[in-house]
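Undergrad: what follows is a predicted structure for the sequence shown.
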2 protein chains.
Amino acid sequence: MPVVDVHTHVYPPKYMDLLRSRTAVPYVRSFPDNPAAGDRLVILPAEDTESTSRGRPIGSEYFDIKQKLAFMDQHGIDISVISLANPWLDWLPAESAAATAREINDDVERMCAEHEGRLYAFGTLPLSAPAEEVVAEIERLASIKHMRGVIIGTSGLGSGLDDPKLDPIFAALEKHDQLIFLHPHYGLPTSVFGPRASDYGHVLPLALGFPLETTIAVTRMLLSGVWDRFQSLNVLIAHSGGTLPFLAGRIESCIAHDGHLKSQGAFEGRRSVWDILKRNIYLDAVIYADVGLKAAIEASGADRVMFGTDHPFFPPLGEGEKEWLSVKMNSDAVRSALADDRSAADAVMGGNAVRILKLDR
Amino acid sequence: MPVVDVHTHVYPPKYMDLLRSRTAVPYVRSFPDNPAAGDRLVILPAEDTESTSRGRPIGSEYFDIKQKLAFMDQHGIDISVISLANPWLDWLPAESAAATAREINDDVERMCAEHEGRLYAFGTLPLSAPAEEVVAEIERLASIKHMRGVIIGTSGLGSGLDDPKLDPIFAALEKHDQLIFLHPHYGLPTSVFGPRASDYGHVLPLALGFPLETTIAVTRMLLSGVWDRFQSLNVLIAHSGGTLPFLAGRIESCIAHDGHLKSQGAFEGRRSVWDILKRNIYLDAVIYADVGLKAAIEASGADRVMFGTDHPFFPPLGEGEKEWLSVKMNSDAVRSALADDRSAADAVMGGNAVRILKLDR
């Protein structure tokens, strides 16, 4: 059974060129007077401070696909389904977005073609462009050999994934059987982490902001009836669903106990969160512990959860460490959560991805 | 084995008097010109709108303890550990807070004494008062017959539970073996729920805002080293920990992969989240599904999870429905999550609370 990584990011060369050409978020900045600082990637306004510690270090592991392959070999990963890392193209001017998306997607497809059998990809959509241009790119992606869906963030066209203006886009994705890989980027307002948040490094926004953003986004999709209108729309949710598997019961209860909604008949005939978790939602296994992973597996099924690494994020901190702790935490979680069912563990590690994403070996 | 409800709220008469005397949040307002609107409870600024649908309806189930007992009898609950409902006393002027807290706590104790064997309570702290007055109330509560700890929100003295100024309060709670019942109130900024949030009734703030607020608060406690300084401080976290059991692995991973923290030696010798979950944290079983409850039980242990109802919130919506769906969802979750271990299920339904809270029968 192959090992497949469905959550692994790249900034392809065309995207790096774009980031290097900019001076406003998102951008990549070098410090010619201080080469030791290295290049810095700044993707959120809160990171855009006046110091060499702004943003995060960005090295060739972000854009040199050879390093991705070396990482895969090191960790016994047969196939990676690569996706552009956040913040994607949400921020492009409307008039250039579609052309840029085509360039980036072609760049990624070229990487996959040059490493036949090792790489597939999720494409990127020009979500700031007019809807018909977004739909055109979905149609184009559907015919590109190694593309298996699209990665999107939580902002949609700017006001969230419960925006009815997304319907033509969801319809096109459903029609062409393109999986959405839903991934966080914006986190939560920094105020919620309190006045001492910076004492804790990046832990609060990364450990909590990301999954909570994801949970809110997918719950807004649920409540707005996206899956009632598009019953075959499939979404792979990053980080094992944010926190959706854990909170699904509370969401169902809050719907069932809302007098205002009931008096309006607002949710009559709706599909339950549980039904959508088992028929439209896939979850990655990027959760770093068996407790959470078991909940993800219970919520969606062991045949709908797929291993991932989040490479090149969360590298080991020690000098010369070749095995990544972050990868080990996630693969150990799979083996532990499914200790009694070796074939289910193998499926989560790769077999599910081969079947769901129709990967050739 | 008795059935014990550890998550059940009251507004005792003294607190109702206080709310009725006010015109700013929090308050209770009647509409003499429109008696059909009933009394309305407004506890959050976002609810303070100019209409009779402001806030939420508040009836005698909030303050008439006879109705609590009738609810207990209806649902086979032998003992309830009652607590003041949010927003507690966080908002009181410093000079009157301690006296008001004593009055409210005495009011609650009187309820317990009048129903010997059926009621225990978590007390309320005057957190806007000087720290020594808060400590004095903790010491006083420790000697009151039916008090078994204190309920607090996430704001602490105004800037969160990672505030070092809380140390004397945590020290006093630890010294007197008083359990903290940590409960959300403020939710998240409404902006995170997007422009269509009101289409979904109260679902997003209640289903997600509450548990995410809780998760952030307890993670700030963890990261600030509260449990490294107070290794015997015990906290019962509402709603099965917010989302802590699900995200504990991600929190551990983000700490382990934070280069800034590592370079500072910030977390050397720290206790892990898993250790704290199993030695300092208790979880209620107010999660409405077995998927989440199993994760809570895996994270803290079946001997540390305790049944709750959240009464009088989430009443049934149908006329004349005597069995509460919200209670059934939670008790069904216990029976389902522990279907293979009847004695563990009985322990979650009541035995754990009897042991942990030292309840006389």
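TA: Cool, got the structure.
Undergrad: rest of the way, CA atoms for contacts and neighbours
TA: OK.
Undergrad: okay but residue A:2 is in contact with residue A:78, surely?
TA: Yes: if you go by C-alpha atoms under 8 Å, residue A:2 and residue A:78 touch, sitting 5.8 Å apart.
Undergrad: what kind of secondary structure is residue A:139 in?
TA: Here residue A:139 is recorded as helix under DSSP: H, G, I helix; E, B strand; the rest coil.
Undergrad: quick one: the helices in the stretch 101-250 of chain A, in order.
TA: A:131-142, A:167-175, A:203, A:210-223, A:226-229, A:238-241, A:244-256 (DSSP state H, counting those that start in this stretch).
Undergrad: any idea which of the ones you listed is most buried?
TA: With neighbours taken as mean count of other C-alpha atoms under 10 Å in any protein chain shown, the helices of the stretch 101-250 of chain A reach their highest mean count in helix A:238-241, at a mean of 28.
Undergrad: stretch A:268-286 - what's its average pLDDT?
TA: Averaging pLDDT along stretch A:268-286 yields 97.
Undergrad: should've said stretch A:84-92
TA: In the prediction, stretch A:84-92 has an average pLDDT of 94.
Undergrad: buried residues, that stretch. List them.
TA: A:84-90, A:92 (16 or more other C-alpha atoms under 10 Å in any protein chain shown).
Undergrad: just how off-centre is that stretch within its chain?
TA: 12 Å (C-alpha atoms, centre = their mean, to the nearest Å).
Undergrad: can I get it as PDB, trimmed to CA atoms?
TA: The C-alpha coordinates for stretch A:84-92 follow below in PDB (Å, rounded to 0.1, in the frame of the first residue of the first chain):
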ATOM      1  CA  LEU A  84      -0.100  26.200  -3.200                       C
ATOM      2  CA  ALA A  85       0.500  27.500   0.400                       C
ATOM      3  CA  ASN A  86      -1.600  30.300   1.800                       C
ATOM      4  CA  PRO A  87      -2.400  33.100   1.000                       C
ATOM      5  CA  TRP A  88      -3.000  31.800  -2.500                       C
ATOM      6  CA  LEU A  89      -4.300  34.400  -4.900                       C
ATOM      7  CA  ASP A  90      -7.200  35.900  -2.900                       C
ATOM      8  CA  TRP A  91      -5.400  39.300  -2.900                       C
ATOM      9  CA  LEU A  92      -4.700  39.800  -6.600                       C
END
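Undergrad: who's in contact with that stretch?
TA: Contacts to stretch A:84-92, defined as C-alpha atoms under 8 Å, 6 or more residues apart in numbering or on different chains, come from residues A:9-12, A:26, A:43, A:97, A:101, A:122-128, A:151-153, A:157, A:184-185.
Undergrad: and which of the buried residues of stretch A:84-92 is nearest chain B?
TA: The closest of the buried residues of stretch A:84-92 to chain B turns out to be residue A:90 (C-alpha to the nearest C-alpha; 17.1 Å).
Undergrad: surely that closest one is within a helix?
TA: No: Residue A:90: not assigned to a helix; according to three-state DSSP it is coil.
Undergrad: what residue ranges in chain A score low on pLDDT?
TA: Residue ranges of chain A with pLDDT under 70: A:49-53.
Undergrad: alright, calling it a day.
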